[in-house]
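In: pasted the sequence and its predicted model underneath.
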Amino acid sequence: MEAARPLDALNAARNKRVIVELKNGKQYVGVLKAFDIHVNVVLENAEERNDGEVARKLGTVFLRGDAIILISPE
Amino acid sequence: MEAARPLDALNAARNKRVIVELKNGKQYVGVLKAFDIHVNVVLENAEERNDGEVARKLGTVFLRGDAIILISPE
Amino acid sequence: MEAARPLDALNAARNKRVIVELKNGKQYVGVLKAFDIHVNVVLENAEERNDGEVARKLGTVFLRGDAIILISPE
Amino acid sequence: MEAARPLDALNAARNKRVIVELKNGKQYVGVLKAFDIHVNVVLENAEERNDGEVARKLGTVFLRGDAIILISPE
Amino acid sequence: MEAARPLDALNAARNKRVIVELKNGKQYVGVLKAFDIHVNVVLENAEERNDGEVARKLGTVFLRGDAIILISPE
Amino acid sequence: MEAARPLDALNAARNKRVIVELKNGKQYVGVLKAFDIHVNVVLENAEERNDGEVARKLGTVFLRGDAIILISPE
Amino acid sequence: MEAARPLDALNAARNKRVIVELKNGKQYVGVLKAFDIHVNVVLENAEERNDGEVARKLGTVFLRGDAIILISPE
C-alpha cells in the first residue's frame, strides 16, 4: 500500500485481505474487490467481528464510504 | 456481486434478496429493485428485522442512501 | 412502485398514501404530493404517529430529505 | 400548499403562518417570508415553542436549512 | 430583515446586533459584520451566553455555518 | 478582523494568536498560519486547552474545518 | 509545516511521523505517506493509541478524512 494519493493505497490493497472499521464501532474483514472516490467499498469472503471474534459470515458486502473510518491490510 | 466498482456489485445483486443495515441499527431484507449513486435503494417484498426476527412486513420500501451502512446478498 | 431508479419508485407512489420515517424515530403518514432529488417530500392529509398511534394531525407537511430514512406505501 | 415539487409547496405557504421543527426538537412558529433551495428559512413574528407553550418571542428569525426537519402551515 | 431570500434577511441585519444559536446549545450575541452562502458568520463585540447570562467576552468571532441553527436580531 | 466576507476576517487574523473551538468541546490556541474555504486551519505554537488550562503542547497542528465551531483572536 | 494553505502544511509533513486524531477519540501515529483534498490520509508503520499507550500495531492504514479532527507532527 505504497502511494502518493490515498486512493492509490486502496488500489494497492485490491484483492488483498483488509480490515474495515466503521463509525458505529463494527469491524469487517474480507478481500477488497472494489472501491470508489466516496470510499464505498466491496469486500468478498467478509465477516463481521466484535473484539476480534467472528460475529457472522457475510460473503460479499457493500459498505457505504460515509460509514467508514479506517481501512488497513490485515 | 463480482465488481471493479462498488456500484457494479450492487448491479449484480439486482433482483436478488439482500440485507440492508442502517445507521440506526435496523435491518431490512428484500429484493433489490433499484439503487443510484447516492446509494438510495428500493427493496420489494421487504421486511424489517430486529435481531433476526421479522418486526414488520413493508412490501416496497425506499431507503435513503445517507442512512445506509451495509448491503449484502442474504 | 416498480422502478429502475429509486426516484422512479417514489414517482409511482405519487398521490398514494405513504409512511415516511425520520432519523429521530418519528413517523408521518400522508398522501405523497411532491419529492425532489434530495428526497425532500411533501405529504397531504398527514398525521404524525408514535408506535402506530396518531400523535397529531398536520394537514400539509414538508419533510426535509436529510431527515428521512425510509418511505413506503402504507 | 399544492405542488409538483417540494419547494413549490413552500412557495404556496409564503406569507402564511407555519410551524418549523428542528433536529434538536425545538419548534418555531411564524410567518414564512423567505426560503431557498437549502431550505434555509426566514420567519417573521416568530416565537419558539416547547410542547405547545410559547417559550420566547423572537420577531424575525433565520433558521438554517440543515437544522430543519419539518415545515407545516399551522 | 424584510426579504425574498433568506440571505437578504441576513444582509438587512448587517451592522446590527444579532443572537446566533449553535447546534451545541451555545448562544453568541454581537454585531453582524459578515456572512456567506454557507452561513459562516462574523460577529464583533461578541459575547457567549448561557441561559441569558454572559459567559465570556470574545470581541471578534468567526462562527462556522455548519454549527449554526438560528440567527435573529436581538 | 474587519471584513465584508467571513474569510476576510480570518485573513485579518493571519499570523495572530487565535482560539479555535471544536464540536467535541476542545480548544486549541496558536498562531493562525493558514486556512481555506472549508475552514481547514493550521496553527503554529499550538496548545490544547481544557477549561483554560494547557492540556498539551502540539507545535504545528492542522484542524479539519468540519470539526470547527468557532475561531476568535485571543 | 510552514504554509499559506492548510494542505501545504500536510505536504510539508509528508514522510514524517504525525499523530492523527479522530472524531471518535482514537489516535493514530505513523508516517504520513499520502493525503488528498478530502483530508483522506495514509499512514505507514502506524499504531493506534489510547491515552498515549499503544493499543495495536496496524502497519499501513487509510483514514477517511470525514472522521479526522486533527493532524500534527509528533
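Out: Received the coordinates, thanks. Numbers count the residues shown, from 1 in each chain, chains lettered A, B, ... in the order given.
In: what bridges to the spatially most central residue of chain A?
Out: For chain A, the residue sitting closest to the mean C-alpha position, by Cα atoms, centre = their mean, is A:V20 at 3.6 Å. A:V20 has these beta-bridge partners by DSSP bridges: A:Y28, A:I71.
In: who's in contact with whichever residue of chain A sits closest to chain F?
Out: In chain A, no residue comes nearer to chain F than A:D66, which is 12.8 Å away by Cβ to the nearest Cβ. For every residue, glycine as well, the C-beta is placed using N, CA and C. Residues near A:D66 by Cβ atoms under 8 Å, 6 or more residues apart in numbering or on different chains: A:H38, B:D66, G:D66.
In: run through chain A and note the low-pLDDT ranges.
Out: Low-confidence segments of chain A, defined by pLDDT under 70: A:1-3.
In: what ranges do the helices span in it?
Out: Using DSSP state H, the helices of chain A run over A:6-12.
In: who's sitting farthest from the centroid in chain A?
Out: When distances to the mean C-alpha position of chain A are computed (Cα atoms, centre = their mean), the maximum falls on A:A4, with 19.9 Å.
In: how about the residues of chain A by chain G?
Out: A:1-10, A:23, A:39, A:65-66, A:68-73 (Cβ under 8 Å from any Cβ of the partner chain).
In: of the residues you listed, keep whichever come out buried.
Out: The neighbour-count test (16 or more other Cβ atoms under 10 Å in any protein chain shown) marks A:1, A:3, A:6-10, A:23, A:39, A:65-66, A:68-73 as buried among the residues of chain A next to chain G.
In: stretch A:32-51: which residues count as buried?
Out: Neighbour counts over stretch A:32-51 (16+ other Cβ under 10 Å) mark A:32-36, A:38-44, A:46-49 as buried.
In: near chain B, which of those show up?
Out: Answer for the buried residues of stretch A:32-51 near chain B (Cβ under 8 Å from any Cβ): A:K33, A:A34, A:F35, A:D36, A:N40, A:V41, A:V42, A:E44, A:A46.
In: ok, back up a step: between the contacts of A:D66, which sits nearest chain C?
Out: For the contacts of A:D66, the minimum distance to chain C (Cβ to the nearest Cβ) is 7.1 Å, reached by B:D66.
In: residue contacts, the residue farthest from the centre of chain A?
Out: Applying Cβ under 8 Å, 6+ apart, the residues contacting A:A4 are G:A34.
In: look up how far chain E lies from it.
Out: Distance check for A:A4 against chain E: by Cβ to the nearest Cβ, to the nearest Å, it reads 30 Å.
In: and for A:R14?
Out: With distances defined as Cβ to the nearest Cβ, the gap from A:R14 to chain E amounts to 34 Å.
In: now do A:G65
Out: In this structure, A:G65 and chain E are 19 Å apart, going by Cβ to the nearest Cβ.
In: swap in A:V41?
Out: According to Cβ to the nearest Cβ, A:V41 and chain E sit 26 Å apart.
In: list the ones among the contacts of A:D66 that fall in strands.
Out: Using DSSP state E, no member of the contacts of A:D66 falls in strands.
In: and chain A, which residues reach chain B?
Out: For chain A, the residues in contact with chain B (Cβ under 8 Å from any Cβ) are A:22, A:24, A:28, A:33-36, A:40-42, A:44, A:46, A:58-64, A:66-67.
In: please repeat the previous calculation with a cut-off of 6 Å.
Out: Applying Cβ under 6 Å from any Cβ of the partner chain, one finds that chain A approaches chain B through A:A34, A:D36, A:N40, A:V42, A:L58, A:T60, A:V61, A:F62, A:L63, A:R64, A:A67.
In: from these, which two are the most distant?
Out: Longest distance between any two of the residues of chain A next to chain B is 19.8 Å, between A:D36 and A:L58; criterion Cβ to Cβ.
In: now do the same contact list for A:L63.
Out: The neighbours of A:L63, taking Cβ atoms under 6 Å, 6 or more residues apart in numbering or on different chains as the test, are A:V20, A:V41, B:L70.
In: which one of these sits closest to E:R14?
Out: A:V41 (45.9 Å).
In: contacting residues for that closest one?
Out: Residues near A:V41 by Cβ under 6 Å, 6+ apart: A:F35, A:L63.
In: over in chain A, which residue gets nearest chain D? Let me know.
Out: Counting by Cβ to the nearest Cβ, chain A gets nearest chain D through A:D66, at 16.0 Å.
In: quick check: that residue vs C:V61, distance?
Out: The gap separating A:D66 from C:V61 is 27 Å, by Cβ to Cβ, to the nearest Å.
In: likewise A:D8?
Out: Computed with Cβ to Cβ, the distance linking A:D8 and C:V61 is 47 Å.
In: is it true that the residue nearest to the centre of chain A touches A:Y28?
Out: Yes - with contact defined as Cβ atoms under 6 Å, A:V20 and A:Y28 form a contacting pair (4.7 Å).
In: OK, contacts around A:H38?
Out: Contacts were defined as Cβ under 6 Å, 6+ apart; by that measure A:H38 touches A:G65.
In: neighbours of A:R17, just the number please.
Out: 15 (other Cβ atoms under 10 Å in any protein chain shown).
In: contacts only, for it.
Out: Residues in contact with A:R17 (Cβ under 6 Å, 6+ apart) are A:V31, A:E74.
In: repeat the analysis, applying 10 Å as the threshold.
Out: A:R17 makes contact with A:V29, A:G30, A:V31, A:L32, A:L43, A:E44, A:N45, A:A46, A:P73, A:E74 under the criterion Cβ atoms under 10 Å, 6 or more residues apart in numbering or on different chains.
In: kindly report the same for A:V20.
Out: With contact set as Cβ under 10 Å, 6+ apart, A:V20 has these partners: A:26-30, A:32, A:39, A:41, A:43, A:46, A:61, A:63, A:67-72, G:62.
In: again, 8 Å this time
Out: Counting by Cβ under 8 Å, 6+ apart, A:V20 makes contact with A:Q27, A:Y28, A:V29, A:G30, A:V41, A:L43, A:L63, A:I68, A:L70, A:I71.
In: ditto for A:E47
Out: A:Y28, A:V29, A:G30, A:V54, A:A55, A:R56, A:K57, A:L58.
In: and with 6 Å instead?
Out: Shown here is A:E47, whose contacts under the criterion Cβ under 6 Å, 6+ apart are A:V29, A:V54, A:K57.
In: same question for A:R14.
Out: A:L32.
In: so what's A:A46 bridging to?
Out: Here A:A46 sits in beta bridges with A:G59, going by DSSP bridges.
In: for chain C, see how far away it is.
Out: Separation of A:A46 from chain C (Cβ to the nearest Cβ) stands at 24 Å.
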